[in-house]
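Undergrad: Let me see the structure of the following:
(one chain, ligands or ions: 1)
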Amino acid sequence: MTNRILIAGAGPVGLSAAAYLTQAGIPVTVFEAEDALPENLRASTFHPPTLDMLAPYGATQSLIEQGLVAPKFQFRDRANGCLAEFDFSVLADDTEHPFRVQCEQFKLNFLLHDWIEAQGGADIRFGHAITGLRQTENGVTALVKTPDGEEVFTGRWLIGAEGANSVVRQTLDIPFEGFTWDERFLVVSTPYPFEEAMPDLTLVNYFADPEQWFFLLKVPGLWRAMFPTRPEETEAEIFDPERIEARMQWAHSMADTYERTHTTLYRVHQRVAERYREGGVFIAGDAAHINNPLGGMGMNGGIHDAFNLAGKMAKVWHGEGDDGLLDLYEKQRRPIALDYVNSQTIRNKQNLEANTPAAQRTFRDFLAEVSDDPKKTHDYLLRTSMIASLRAAERITD
Ligand SMILES: Cc1cc2nc3c(=O)[nH]c(=O)nc-3n(C[C@H](O)[C@H](O)[C@H](O)COP(=O)(O)OP(=O)(O)OC[C@H]3O[C@@H](n4cnc5c(N)ncnc54)[C@H](O)[C@@H]3O)c2cc1C
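TA: So this is what the prediction gives:
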């Protein structure tokens, strides 16, 4: 039996698994296709249980220092302001971190990378892209394109954490079932101080506006505004500076022109892989499930996969469990991706985009009902913070 675990992808999921396994004294090799850790703007919300999981690696404290602590979030509309505000402090008995942290996800990658390197034992290889794999009775062989040509690496198990276009998933012919939304999402980052214009704003604000939803979310030094685009809009139209300005002015009208630091457009999918395991090969994170960003569950759910799978691998590695324990990973995590993350993010989107008076009334009644009842508020925050999904996974034991 070969004596290490192979991980494809040095994103938040691959590095979380690598950190856990390193701490458990297990040698890992991580292959990252890029020459360095990417610094692109993607997810920016860390939920309470994710902060609990990352704390042993010093990452939570550093994310708090480098990011913004968001104890509350709001639903609003442009005409009425705040419709409902939810305060994570009611989760004080459920988590060590009863708040969200708003911080760019690439900062976590740097923190985990540095922590892993400081421990020694792990082999993180940049410019190494997995291109294929084979399974033998001794383990898994990965074919890897390196700066020096194609090389072969062997390990006891392989974790495919190389994102939505996972080569591992495709090599195993695992269907990625689901659909792609017609509309793409536009994210505009600006240093404009929305909090001065709307003093009651929290750091995370979902606008369930009757005309069109959008959200305003703060990361250090910047606000990110996200809008759905119309399916028929071309990229040239969407990126037209006048149209972007018009969108921003519609969201919040002001005398000056908005200064913009980043503008990103991306396709949004709701897909869950048909299987998470085949023999000694596992997929996790975006390789296994992708969803819309409303609720910030994609990256967090992927990190929860990583800790679940790495925890089981560590037990089996150290002789504290048999191979059947590894089957429990898919049994616990795939239903969560389907029944919690996928359905919750679809519901979040549908609630926000409600555009008939009746649908809007239903959503506003729901918000009032939940915020008026402490038990319902608590249950709602357990769901939105993803604690409920982790508890549901724990209840699945075979
Ligand atoms: C533009 C954009 C915006 C997003 N915004 C949000 C948001 O606002 N909120 C939210 O919750 N989520 C958001 N997401 C989703 C979120 O970023 C992902 O859920 C998260 O990054 C998943 O982490 P991961 O480690 O599974 O995959 P990734 O972060 O994609 O990491 C995979 C890594 O694998 C590497 N890789 C790829 N192919 C190979 C290969 N063949 N061999 C080796 N390495 C490889 C990649 O370079 C990358 O470093 C966004 C995604 C995108 C693309």
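
Undergrad: Around the ligand, pick out the residues from the stretch 1-150 of the chain.
TA: 8-14, 31-34, 38, 42-44, 105, 129-130 (Cβ under 6 Å from any ligand atom). (Glycine included, C-beta is placed from N, CA and C.)

Undergrad: Could I get the full set of strands for the stretch 101-250 of the chain?
TA: 123-126, 129-136, 139-146, 149-155, 157-160, 176-180, 185-190, 204-207, 214-219, 222-228 (DSSP state E, counting those that start in this stretch).

Undergrad: hang on, residue 270 is in a strand, isn't it?
TA: Yes. With DSSP: H, G, I helix; E, B strand; the rest coil as the criterion, residue 270 is part of a strand.

Undergrad: My guess is it contacts residue 291. True?
TA: Yes. Judged on Cβ atoms under 8 Å, residue 270 makes contact with residue 291 at a distance of 5.4 Å.

Undergrad: Between these two, point out the one with more neighbours.
TA: Using other Cβ atoms under 10 Å as the criterion, residue 270 and residue 291 rank with residue 291 on top: 25 against 20.

Undergrad: That one and residue 340 touch, don't they?
TA: No. Between residue 291 and residue 340 there is no contact under Cβ under 8 Å: 10.2 Å.

Undergrad: Overlap in contacts, these two.
TA: Residues touching both residue 291 and residue 340 (Cβ atoms under 8 Å, 6 or more residues apart in numbering) are residue 297.

Undergrad: so where's the protein uncertain?
TA: Counting by pLDDT under 70, the chain has low-confidence residues at 1-2.

Undergrad: Let me know the outermost residue of it.
TA: The outermost residue of the chain relative to its centre, with distances by Cα atoms, centre = their mean, is residue 255 at 35.6 Å.

Undergrad: how close does it sit to the ligand?
TA: 29 Å (Cβ to the nearest ligand atom, to the nearest Å).

Undergrad: what do you get for residue 229?
TA: 14 Å.

Undergrad: Which of the residues of the stretch 1-150 of the chain next to the ligand are buried? Put it as a ChimeraX command.
TA: Selecting only the buried entries of those in ChimeraX, with 16 or more other Cβ atoms under 10 Å as the criterion:
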select :8,9,10,11,12,13,14,31,32,33,42,43,44,105,129,130
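
Undergrad: Could you identify the helix or strand that succeeds the longest helix seen in the chain?
TA: Longest helix in the chain, counting residues (DSSP state H): helix 298-317. Next along the chain after helix 298-317, taking DSSP states H and E as the criterion, comes helix 324-335.

Undergrad: how about that following helix, does it get close to the ligand?
TA: No. Applying Cβ under 6 Å from any ligand atom, one finds helix 324-335 separated from the ligand by no less than 12.7 Å.

Undergrad: Give me the buried positions along that helix.
TA: 326, 328, 329, 330, 332, 333, 334.

Undergrad: now do stretch 16-31
TA: Result for stretch 16-31 [16+ other Cβ under 10 Å]: buried residues 16-23, 26, 28-31.

Undergrad: Among those residues, name the ones in helices.
TA: 16, 17, 18, 19, 20, 21, 22, 23.

Undergrad: Establish whether stretch 171-180 and the ligand are in contact.
TA: No. Using Cβ under 6 Å from any ligand atom, stretch 171-180 stays clear of the ligand, with a minimum separation of 10.0 Å.

Undergrad: For the chain, which residue occupies the most central location?
TA: The chain, centroid-nearest residue using Cα atoms, centre = their mean: residue 299 at 1.4 Å.

Undergrad: for that one, what are its contacts?
TA: 12, 13, 42, 43, 45, 105, 285.

Undergrad: ok, so what distance separates the residue nearest to the fifth one when sequence neighbours are not counted from residue 223?
TA: Using Cβ to Cβ, 6 or more residues apart in numbering and skipping the chain neighbours, the partner closest in space to residue 45 is residue 296 (3.2 Å). According to Cβ to Cβ, to the nearest Å, residue 296 stands 16 Å off from residue 223.

Undergrad: Show me which of these two is the more surrounded one.
TA: residue 296 (24 against 21).

Undergrad: so how far is the ligand from that one?
TA: 4 Å.

Undergrad: what does residue 215 give?
TA: Noted for residue 215: a distance of 9 Å to the ligand, by Cβ to the nearest ligand atom.

Undergrad: Now that that residue has come up, it's in contact with residue 223, right?
TA: No. The criterion here is Cβ under 8 Å, and residue 215 misses it with residue 223 at 10.2 Å.

Undergrad: ok, now which ones touch the residue in the stretch 251-398 of the chain positioned nearest to the ligand?
TA: Proximity of the stretch 251-398 of the chain to the ligand (Cβ to the nearest ligand atom) peaks at residue 285, 2.4 Å away. By Cβ under 8 Å, 6+ apart, residue 285 lies in contact with 9, 11-14, 161, 163, 299, 301-303, 305-306.

Undergrad: sorry, back to before: now the residue nearest to the centre of the chain: closest residue in space, sequence neighbours ignored.
TA: Closest to residue 299 by Cβ to Cβ, 6+ apart is residue 43, at 3.8 Å.

Undergrad: contacting residues around that neighbour?
TA: 12, 105, 293, 296, 298, 299, 300.

Undergrad: Same question for residue 8.
TA: 14, 30-31, 130, 142, 158-162, 166-168 are the contacts of residue 8 under Cβ under 8 Å, 6+ apart.

Undergrad: what sits opposite it in the beta ladder?
TA: Residue 8 has these beta-bridge partners by DSSP bridges: residue 31, residue 160.

Undergrad: ok, it to residue 333 distance?
TA: The span separating residue 8 from residue 333 equals 18 Å under the rule Cβ to Cβ.

Undergrad: With residue 295 instead?
TA: 17 Å.

Undergrad: Next: residue 220.
TA: 31 Å.

Undergrad: Equivalent analysis for residue 61, please.
TA: 27 Å.

Undergrad: Which residue is it, in the stretch 51-200 of the chain, that comes closest to the ligand?
TA: residue 163 (2.9 Å).

Undergrad: which ones are touching that residue?
TA: Residue 163 neighbours (Cβ under 8 Å, 6+ apart): 9, 11, 285, 286, 287.
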